[in-house]
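In: sequence plus predicted model, see below.
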Amino acid sequence: MAGSLNAQGPVHVYAAGSLRAVMLELGAAFEAESGVKLAPVFGPSGVLRERIERGERADVFASADMGNPQRLAAAGRSFPVVPFAHNRLCALAAPKVEISTATLLERILDPAVKLGMSTPVSDPSGDYTVELFKKAESLRPGAYAALMKKARQLVGGPDSPPPPKDRSAYAVLVESGQADVFLTYCTNTLQARKDNAELRMVQVPDALSVSATYGLTLMKGAYPDAALFVDFVLTPRGQAVIARHGFTPVSQ
């Protein structure tokens, strides 16, 4: 892949916020191998898709779901979407909260526990959390309405405050008391615990488990080197980077 002939500039990659760390490492590895730089833009996948639809230039779209990039493909804006990573929901909890996998549903339903989530539609993490709430309804009638009413949509919306540049937004939100428990990707909880080891990562019970498949699409009219980057992400080397950050590679 070395010795790219393209002189059109860096590859513009619009990527889900949960991919920040992994995409920066992928970009460094890709540049070392090809000489091509990435120009990443991070944000909630739904918001990024809307920005692309409004005409912002993106060569590659790496989404935290399959639906947003498939919408661009269906509109003729991009090529077919390929899955490139898997994730799932976990809970990030403050040290003061007595919570375990077995008691997770009981605790997030507790009126005294402040529950945080991302914004549905704008951010797939919010959609996955709503899916968890629907599963809770089958276990405890009334749980869906109660959880939708109490959950605070603290990130992932078009008007949400920008995340800190040097810290996990989820760590900050739980530390500050804006949420006692935050439902987000397991990879986000791992990153938050790197910032603050006192925060707790709680696995979601099987009956409530929600998995996430991340989709990658090459935009129509993209720089030639953008296709090389898409290929690189799917190589064993690219998938190894994904695995190092807590995602499950598509090869597994």
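Out: Structure received. Numbers count the residues shown, from 1 in each chain.

In: need the next SSE after the helix or strand that residue 154 is a member of, C-terminal direction.
Out: Using DSSP states H and E, residue 154 sits in strand 152-155. Sequence-wise, the next helix or strand downstream of strand 152-155 (DSSP H and E) is helix 169-175.

In: go through the chain and flag its longest strand.
Out: strand 82-93 (DSSP state E).

In: just the buried residues of it, please?
Out: Of the residues in strand 82-93, 82, 84-85, 87-93 count as buried by neighbour count, 16 or more other CB atoms under 10 Å. C-beta coordinates here come from the backbone N, C-alpha and C atoms, glycine included.

In: nearest to residue 155 among those residues?
Out: In terms of CB to CB, no member of the buried residues of strand 82-93 lies closer to residue 155 than residue 92, at 11.9 Å.

In: for the longest strand of the chain, which strands pair with it and how are they oriented?
Out: Partners of strand 82-93 in the sheet, by DSSP bridges, are strand 181-185 (antiparallel), strand 200-203 (antiparallel), strand 211-218 (antiparallel), strand 248-249 (antiparallel).

In: can you put those strands in JSON lines and add mean pLDDT, distance to residue 129 and mean neighbour count?
Out: Putting those into JSON lines (pLDDT from 0 to 100; distance: least, CB to CB, whole Å; neighbours: other CB atoms under 10 Å) gives the following:
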{"stretch": "strand 181-185", "mean pLDDT": "98", "distance to residue 129": "5", "mean neighbour count": "28"}
{"stretch": "strand 200-203", "mean pLDDT": "98", "distance to residue 129": "14", "mean neighbour count": "17"}
{"stretch": "strand 211-218", "mean pLDDT": "98", "distance to residue 129": "11", "mean neighbour count": "22"}
{"stretch": "strand 248-249", "mean pLDDT": "96", "distance to residue 129": "19", "mean neighbour count": "18"}
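
In: for the longest strand of the chain, the averaged confidence score.
Out: Regarding strand 82-93, the rounded mean pLDDT is 98.

In: can you dump the C-alpha coordinates of that strand into PDB?
Out: Output of strand 82-93 as PDB, limited to C-alpha atoms (Å, rounded to 0.1, in the frame of the first residue of the first chain):
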ATOM      1  CA  VAL A  82     -19.700  -3.100   5.300                       C
ATOM      2  CA  PRO A  83     -19.700  -4.100   9.000                       C
ATOM      3  CA  PHE A  84     -16.200  -3.500  10.600                       C
ATOM      4  CA  ALA A  85     -16.700  -3.800  14.300                       C
ATOM      5  CA  HIS A  86     -19.100  -4.900  17.000                       C
ATOM      6  CA  ASN A  87     -19.800  -3.300  20.400                       C
ATOM      7  CA  ARG A  88     -22.400  -3.700  23.100                       C
ATOM      8  CA  LEU A  89     -24.000  -1.800  26.000                       C
ATOM      9  CA  CYS A  90     -22.600  -1.700  29.500                       C
ATOM     10  CA  ALA A  91     -23.300   0.500  32.500                       C
ATOM     11  CA  LEU A  92     -20.900   3.000  34.000                       C
ATOM     12  CA  ALA A  93     -21.600   3.500  37.700                       C
END
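
In: following it, which helix or strand comes up?
Out: Downstream of strand 82-93 (by DSSP H and E), the next one is helix 104-109.

In: buried residues in that next one?
Out: 104-105, 107-109.

In: among the residues you listed, which one sits closest to residue 164?
Out: residue 108 (24.9 Å).

In: without its sequence neighbours, what residue ends up closest to that closest one?
Out: residue 115 (5.2 Å; CB to CB, 6 or more residues apart in numbering).

In: got the phi/psi numbers for the one you found?
Out: The phi/psi pair for residue 115 (degrees, to the nearest 10) reads phi -110, psi 130.

In: on that earlier part again, looking at the strands paired with strand 82-93, spot the one closest to residue 164.
Out: strand 181-185 (14.9 Å).
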